[in-house]
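Student: Kindly generate the corresponding structure for this input.
(chains A and B)
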Amino acid sequence: MDQKKHPLNRPAELVVWQQFLSGDTVAFAYLMSSHFQVLFRYGSKFSKDKEFVKDCIQDLFLIIWERRDRLNSEVAVKPYLMASLRRLMNRSGQSRTGLSNEIPGENQEGFDIEYSVEEEYIEQESVRVITQRFKKLLDELPKRQKEVIYLKFFQEMDRNQISEVMDISPQTVSNLLQIAIRQLKEYWKVELLTLLLVHFY
Amino acid sequence: MDQYRSFKTGDFVWDPFFRQWVLAPTSETDFFWNRWMQENPDRTDRIHEARTVVLSLQVKEPTLPAHEIEQVVKSTISRINQSSSSTPEYRQRPLPVYNRSWFRVAASVSLILLAGWLTLPYFRSEGPSTQLDSPFTIAKNQTSAVTDTANTSSQPVVIHLDDGSTVTLAPASRIHYAKNFSTPKREVYLNGEAFFEVAKDPAHPFLVYANGLITKVLGTSFTVKAYESSREVIVEVKTGRVSVFAQSDPKAKEKAINRELEGVVLSPNQKIVYKTDEVRMRKTLVEKPVLLKTVVQPSFHFEDKPVSEVFAALEKAYGVPIIYDRDLMMDCPLTASLDSMALYDQLTIICKAVEARYELVEGQIVIHGKGCKTN
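Tutor: Numbering: from 1, shown residues only, chains lettered A, B, ... in the order given. This next block holds a predicted model:
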């Protein structure tokens, strides 16, 4: 069994997890309802079919209930559930595409994420332009970098948790993050420079 | 700290510590960034710009309505109850079942519906003696004279007891108590976490049993955290005074019955951590001490006041003892406006001004300083 420590894990969360492992249906129901929204949002990045995402989440919880005797009592709950949902959806997705005779490959596993610029925070026109630039940079990232950025900055996960969710090594997470952030900043510089040049000529 | 001098807007936007402040500020991060801006006034534009970007750039997330989540959770629970009906170790909880279009097997739908329909009237007929704000999310088990209430929702639930007290039960927590508090004591058993507001009745002590710890009150409000699998119990007092003692205390029975507050007595803003495996209680202060309820809102605006007066004002406002060397600190004058700040921030500022430091000892605040006699 994997006994590594998850520093970001809140003890109260583990308490509920362990209650669930001992067969407590109240704790199980709480675990499910408190994580449903976050899982639904994550799952929606892989499929636009709302009912399919809901079904997958229910299947996930039915499976972990069945297997609760064999589950680790020291997990980081949220990343564990997200990782399991990701695997489950990939598998179901593959069997789906298999039926419709499509070639399974890297491309069928998408990560659709949409960013929006919330106007109510913006007072100056110049800042609106800057924010739109940031949005464009995010939209242009390759899908794995997109996912890493989403988990790191919008789900506030650490390196180990991201590696668990995406099923890649912590080192790969670091590399992906580094490339993504560099890209987000680098492009920014180039863009500024061209903007300035355009301005001067 | 100075790495931030060279930061451009984009660097701030993707700096985890900066984002944390923008999205979920705490008094510590507020303190840090406000001071940083004061010290680097030429960089405040960047900060404001980056702040706006972080706030306005959001992920478009779909939101599933709460009732849809509720339905899926319910149908999942009834499915696992169905499948484990042969194993008696799990308590059966009948739940209303809705017709879900995506149940793939029609037979299972009718089976579950039938089971729900058969068991529902039985539980309805019992008649709830407690008023529940959200009966939808509560699983209740009422057998004989005991009321058992569990909160399976993700929200705290308020329960009104017959004696006028209220219990705010945290998610994944459970209490049980006698249906009527006719006994000389009012007794509640707790698993998990709850906030109690106890109706005053000195003749009938109110007792909370949680994981080996007994909390006894006459009329007050406080929180008890006692999760079954956790090895500690925490009691935090908001108003009034409570006493706590271990259930293993040989005199526990006497202490529970008599009308005095014995054992370790807690005042507002104090808390106790009871380690069940060490038989040891540690008294300290709550994380965010709050002002006592008074008619007049206390003012923390001081102009050239001796620091002893400032401490006295804080002591009175929070009901927390402050220990310091009166002679040594006598000559320390203080001018400060400390309104609408948290206690620990107020203490930090005062201590900085008079070159002292504070420490929490046994639920009290102890000030260490060298005094202010400079010449």
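Student: Can you name the residues bridging to B:Gln270?
Tutor: Beta-bridge partners for B:Gln270, by DSSP bridges, are B:Leu285.
Student: Could you tell me how far the residue positioned nearest the centre of chain A is located from A:Glu164?
Tutor: Centroid check for chain A by CA atoms, centre = their mean gives A:Leu151 as the closest residue, at 4.6 Å. Counting by CB to CB, to the nearest Å, the gap from A:Leu151 to A:Glu164 is 10 Å. C-betas here are computed from N, CA, C, even on glycine.
Student: show me where chain B has helices.
Tutor: All helices of chain B, identified by DSSP state H, fall at B:9-13, B:16-23, B:27-39, B:44-56, B:66-83, B:106-125, B:252-257, B:307-318, B:326-329, B:343-353.
Student: Equivalent analysis for chain A, please.
Tutor: Taking DSSP H as the test, the helices found in chain A are A:11-21, A:25-43, A:50-66, A:77-99, A:125-139, A:143-149, A:159-166, A:170-200.
Student: so A:Gln37 sits right up against B:Thr63, yeah?
Tutor: Yes: the criterion here is CB atoms under 8 Å, and A:Gln37 meets it with B:Thr63 at 7.0 Å.
Student: Who has more neighbours out of the two?
Tutor: Neighbours per residue (other CB atoms under 10 Å in any protein chain shown) separate A:Gln37 from B:Thr63, with A:Gln37 holding more: 17 against 8.
Student: mind checking pLDDT for the more buried one?
Tutor: Note on A:Gln37: pLDDT of 91.
Student: what are the phi and psi values for the nearest residue in space to it that is not next to it in sequence?
Tutor: Leaving aside its chain neighbours, A:Gln37 sits nearest to B:Leu64 (6.1 Å; criterion: CB to CB, 6 or more residues apart in numbering or on different chains). The phi and psi torsions at B:Leu64 (degrees, to the nearest 10) take the values phi -90, psi 130.
Student: Contact partners for B:Leu64?
Tutor: Applying CB atoms under 8 Å, 6 or more residues apart in numbering or on different chains, we find B:Leu64 in contact with A:Phe36, A:Gln37, A:Phe40, A:Lys50, A:Lys54.
Student: Throw those residues into a markdown table and include distance to B:Val233, thanks.
Tutor: Listed next are these as a markdown table, based on distance: CB to CB, whole Å:
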| residue | distance to B:Val233 |
| --- | --- |
| A:Phe36 | 30 |
| A:Gln37 | 31 |
| A:Phe40 | 35 |
| A:Lys50 | 43 |
| A:Lys54 | 38 |
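Student: hmm, which of those are the buried ones?
Tutor: Among those, those classed as buried by 16 or more other CB atoms under 10 Å in any protein chain shown are A:Phe36, A:Gln37, A:Phe40, A:Lys54.
Student: pLDDT-wise, which helix or strand of chain B ranks last?
Tutor: helix B:106-125 (a mean of 41; mean pLDDT, DSSP states H and E).
Student: same thing with chain A?
Tutor: Every helix and strand of chain A was ranked by mean pLDDT, DSSP H and E. The lowest is helix A:170-200, at a mean of 75.
Student: Please save the CA atoms from stretch B:25-45 in PDB.
Tutor: Presented in PDB, the C-alpha positions along stretch B:25-45 are these (Å, rounded to 0.1, in the frame of the first residue of the first chain):
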ATOM      1  CA  PRO B  25      -7.100  36.600   1.500                       C
ATOM      2  CA  THR B  26      -6.300  36.000   5.100                       C
ATOM      3  CA  SER B  27      -5.300  38.600   7.600                       C
ATOM      4  CA  GLU B  28      -1.600  37.400   7.200                       C
ATOM      5  CA  THR B  29      -1.500  37.700   3.400                       C
ATOM      6  CA  ASP B  30      -3.400  41.000   3.600                       C
ATOM      7  CA  PHE B  31      -0.800  42.200   6.000                       C
ATOM      8  CA  PHE B  32       2.100  41.000   3.800                       C
ATOM      9  CA  TRP B  33       0.900  42.500   0.500                       C
ATOM     10  CA  ASN B  34      -0.400  45.800   2.000                       C
ATOM     11  CA  ARG B  35       3.000  46.300   3.600                       C
ATOM     12  CA  TRP B  36       4.800  45.300   0.400                       C
ATOM     13  CA  MET B  37       2.800  47.900  -1.500                       C
ATOM     14  CA  GLN B  38       3.600  50.500   1.100                       C
ATOM     15  CA  GLU B  39       7.300  49.700   0.700                       C
ATOM     16  CA  ASN B  40       7.100  49.500  -3.100                       C
ATOM     17  CA  PRO B  41       4.800  52.300  -4.100                       C
ATOM     18  CA  ASP B  42       6.200  52.300  -7.700                       C
ATOM     19  CA  ARG B  43       4.900  48.700  -8.100                       C
ATOM     20  CA  THR B  44       1.400  49.100  -6.900                       C
ATOM     21  CA  ASP B  45       0.100  49.600 -10.500                       C
END
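Student: Give me the domain ranges for chain A.
Tutor: Domain assignment of chain A by automatic domain parsing yields the ranges A:11-108, A:119-200.
Student: Setting the sequence-adjacent residues aside, check what's closest to B:Gly32.
Tutor: Actually, residue B:32 is Phe rather than Gly. Spatial nearest neighbour of B:Phe32, excluding adjacent residues (CB to CB, 6+ apart): B:Trp21 at 7.5 Å.
Student: ok, that neighbour touching B:Thr29?
Tutor: Yes: here B:Trp21 reaches B:Thr29: they are 4.0 Å apart, a contact under CB under 8 Å.
Student: who's more crowded, these two?
Tutor: Neighbours around B:Trp21 and B:Thr29, counted as other CB under 10 Å, are more numerous at B:Trp21. The numbers are 21 against 15.
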